[in-house]
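have a look at this prediction, sequence included:
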Amino acid sequence: MTTLVRCLVVSSTQRRVDHAITIEGDVETVFDLIADIARWPQFHRSAVHAETVHANEKGELVRHWALAGDAAVRAWQTVRRTDRPGRRITFAHMEPEQPATDLRGEWVFTELTPNRTRVELSHQVVAPTGADLGPLLDRIAQESEDCLATLRDTAERRADLDELVVSFTDPLFIAGSVEDAYDYLYRADLWPERIPHVVGLAMTEDVPNVQFFDMDTKGPDGSTHTVRSVRICLPNHLIVYKQISLPTMLDAHTGHWRFTETPEGVIAEARHTSTIKRSALSQLGGATTVAEARRYLRRLLSGNSMSNLRLAKAYAEERAGF
């Protein structure tokens with residue numbers, strides 16, 4: 001059970017928010033689930049993308065993107081220091097959300113038994129005297145509760161998730177410019193005209209390079225499915241996506257399109273990571289096993305994304321004169 005001190009008044013300008021949870025899992029597994037920021041979007045509902053900008057002996061500069069509802073994304077940067085021997089991870093926000101002038105915190109992992117871990121998450125907030133910190137403290141409290149609950153669920157289901165999570169990458173060489181290859185997949189608003197299995201798509205991009213869209217796709221059996229996704233677009237390098245509303249047989253689906261320039265052209269890769277919903281296996285047939293569902297998903301998702309990559313290849317190579 002999560003315990004919470006909603007707000008400890010340290011001084012007239014400083015507040016501290018503490019959470020703790022006990023997890024039935026070994027300390028290394030639990031520690032790794034927080035240390036590995038690339039895995040967060042698959043298991044944390046609000047997390048969309050996180051990446052290390054640079055790292056040195058003093059720590060890492062990390063960029064984060066997270067959902068704020070179903071139609072907006074919040075982005076921020078932290079400096080993070082990971083102390084594995086001490087089982088502690090500290091972080092400090094580069095530009096704290098107003099009215100805070102400083103926002104930092106830490107994760108502490110304590111081994112209670114070989115298969116039981118206590119996790120403590122604390123935040124320290126500094127603001128001018130008299131500042132209204134209520135909304136910020138409430139959001140920190142809610143996000144901390146959600147994060148710790150997800151951490152416990154993920155750690156305690158590790159063996160099950162090892163079986164249910166399907167993750168793979170498919171690459172394709174393109175003899176064209178990285179700008180053209182990227183643009184073809186960035187312009188999702190044109191997909192109904194360009195990609196056969198996409199039959200409809202409504203997209204918004206209120207913030208440059210942050211896209212939300214509702215997409216209708218046609219499956220191999222002719223049925224139509226609608227999913228809502230968010231995408232973070234890093235021009236000519238990476239497009240990261242996360243499905244917000246999901247097909248009924250999945251608990252999560254994230255992935256990316258990555259573009260790597262070479263002397264000869266571009267290596268474009270499509271990555272998918274999906275979590276199968278065990279309770280929905282019957283949709284593929286009454287006796288469908290997880291292994292069969294994994295093969296079905298790999299075939300379906302890989303087929304769609306490789307089709308998209310081949311279309312991007314044709315577009316970029318035609319523009320390059322090939």
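Cool, got the structure. What you see is a predicted model; the values in this text were computed from it and never measured. Numbers count the residues shown, from 1 in each chain.

going forward, measure contacts and count neighbours with C-alpha atoms only.
Fine.

need the three-state assignment for the closest residue to residue 131 other than its chain neighbours.
Once flanking residues are discounted, residue 131 sits nearest to residue 99: 6.5 Å by Cα to Cα, 6 or more residues apart in numbering. Three-state assignment for residue 99 (DSSP: H, G, I helix; E, B strand; the rest coil): coil.

can you give me the distance of residue 99 to residue 179?
As judged by Cα to Cα, to the nearest Å, residue 99 and residue 179 stand 40 Å apart.

which stretches in this protein count as helices?
Remark: helices assigned in the chain by DSSP state H are 27-35, 40-43, 134-156, 158-164, 178-186, 191-194, 290-319.

elements contacting the fifth one?
Think helix 178-186. With contacts taken as 3 or more Cα pairs under 8 Å, 6 or more residues apart in numbering; DSSP states H and E, helix 178-186 sits against strand 250-262, strand 265-276, helix 290-319.

next one: the third one
Contact partners of helix 134-156 among helices and strands, from 3+ Cα pairs under 8 Å, 6+ apart: strand 3-9, strand 14-23, helix 27-35.

what mean pLDDT does the first one have?
So the one you mean is strand 3-9. The average of the pLDDT scores along strand 3-9 is 56.

cool, the second one as well?
Per-residue pLDDT values over strand 14-23 give a mean of 94.

about what we covered before: which of the helices and strands packed on helix 134-156 is buried the deepest?
Counting by mean count of other Cα atoms under 10 Å, strand 14-23 has the highest mean neighbour count of the helices and strands packed on helix 134-156, with a mean of 20.

so residue 112 sits against residue 25, correct?
No: counting by Cα atoms under 8 Å, residue 25 is not a contact partner of residue 112; they are 10.0 Å apart.

residue 207 bridge partners, please.
In this entry, residue 207 is beta-bridged to residue 210, by DSSP bridges.

between the helices of the chain, which gets nearest to residue 53?
helix 27-35 (15.2 Å; Cα to Cα).
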